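Novice: what follows is a predicted protein model with its sequence.
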Amino acid sequence: MTLPLRFGLFPYLNVQPLVFGLASEPCWELVVDLPSRIADRFRNGELDVAMVPSFDAATIDAIILDSICIASDGPVESVILRHRVALDRIETLAIDEASRTSAALAKILIHRATGRMPQCTTFSPRDEGVPDADAFVVIGDAAFAVTQEGFEDLDLGEEWRRQNAIPFVFALLAARRDAGAGISDQLAQAIQRGLDAVPDIARSYP
């Protein structure tokens with residue numbers, strides 16, 4: 001495998017320790033993009049290793065690494081369904097364009113409550129206003145900023161835990177089968193460097 005390896009990561013705060021830990025390593029070329037785009041780029045062969053939404057992980061030909069994942073065992077605060085009607089009355093749903101797994105999770109929870117799938121549209125919470133819908137999903141750092149008057153928040157990590165009594169995995173690390181050996185050890189070292197730098201990362205973040 002030709003070096004550097006192309007590594008796809010998300011632009012969110014919870015991934016920054018890994019970004020920090022890998023940034024000083026010349027064997028990695030970091031590609032930071034929205035989860036949905038990282039999944040597409042990995043599937044298209046543009047990346048060697050990537051954080052991929054768990055919704056995509058089941059359908060890609062790749063090795064799933066056990067080093068790191070993004071998961072919650074209860075409230076996560078950055079994966080939110082904002083709704084202006086009760087869950088069992090939601091008919092229309094706007095989905096953050098960045099989302100794959102959280103979009104699927106919202107649809108599952110709405111289907112359980114209503115017995116039907118909502119009509120869905122996508123939007124960019126970073127570039128557009130919130131569309132006219134009964135509910136919308138917003139993820140990542142935007143979940144702290146994109147709000148709408150008259151809407152209530154449902155934390156999807158918390159709701160999944162409440163309904164199923166198990167944690168929820170939002171994203172996994174995947175590697176192409178020819179990406180080479182020793183990746184897990186390298187990642188373990190990188191995440192430790194990042195965790196050691198968490199105070200500095202937090203202070204540098206808006």
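Specialist: Looks like it came in fine.
Novice: drop to CA atoms for contacts and neighbour counts, all remaining ones
Specialist: Fine.
Novice: which residues of the protein fall in helices?
Specialist: Assigned by DSSP state H, the helices in the chain fall at 16-23, 35-43, 54-57, 101-114, 156-164, 183-196, 198-204.
Novice: for Leu93, find the nearest of these.
Specialist: Nearest to Leu93 among the helices of the chain is helix 101-114 (8.5 Å), distances taken as C-alpha to C-alpha.
Novice: residues of stretch 76-96 that come out buried?
Specialist: Under the neighbour-count criterion of 16 or more other C-alpha atoms under 10 Å, stretch 76-96 has 77-84, 87, 90-91, 93-96 buried.
Novice: returning to that earlier point: out of the helices of the chain, nearest to Pro4?
Specialist: helix 16-23 (11.7 Å).
Novice: which elements pack onto that closest one?
Specialist: Applying 3 or more C-alpha pairs under 8 Å, 6 or more residues apart in numbering; DSSP states H and E, one finds that helix 16-23 contacts strand 28-32, helix 183-196, helix 198-204.
Novice: what about 6 Å?
Specialist: helix 183-196 (3 or more C-alpha pairs under 6 Å, 6 or more residues apart in numbering; DSSP states H and E).
Novice: using PDB, write out every CA atom in the helix it packs on.
Specialist: The C-alpha atoms that make up helix 183-196 are tabulated as PDB, following Å, rounded to 0.1, in the frame of the first residue of the first chain:
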ATOM      1  CA  ILE A 183      -3.300   0.100  11.900                       C
ATOM      2  CA  SER A 184      -5.000  -0.700  15.200                       C
ATOM      3  CA  ASP A 185      -1.800  -0.200  17.100                       C
ATOM      4  CA  GLN A 186      -1.100   3.100  15.300                       C
ATOM      5  CA  LEU A 187      -4.600   4.300  16.100                       C
ATOM      6  CA  ALA A 188      -4.300   3.400  19.700                       C
ATOM      7  CA  GLN A 189      -1.200   5.500  20.000                       C
ATOM      8  CA  ALA A 190      -2.800   8.300  18.100                       C
ATOM      9  CA  ILE A 191      -5.900   8.400  20.300                       C
ATOM     10  CA  GLN A 192      -3.800   8.400  23.400                       C
ATOM     11  CA  ARG A 193      -1.900  11.400  22.200                       C
ATOM     12  CA  GLY A 194      -5.200  13.100  21.400                       C
ATOM     13  CA  LEU A 195      -6.600  12.300  24.900                       C
ATOM     14  CA  ASP A 196      -3.600  13.700  26.500                       C
END
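Novice: and stretch 176-192, how far out from the chain middle?
Specialist: 20 Å (C-alpha atoms, centre = their mean, to the nearest Å).
Novice: what does stretch 123-132 give?
Specialist: 18 Å.
Novice: equivalent analysis for stretch 157-173, please.
Specialist: Chain-centre distance of stretch 157-173: 13 Å, with C-alpha atoms, centre = their mean.
Novice: give me the buried positions along it.
Specialist: Under 16+ other C-alpha under 10 Å, the buried positions of stretch 157-173 are Gly157, Glu158, Glu159, Trp160, Arg161, Phe168, Val169, Phe170, Ala171, Leu172, Leu173.
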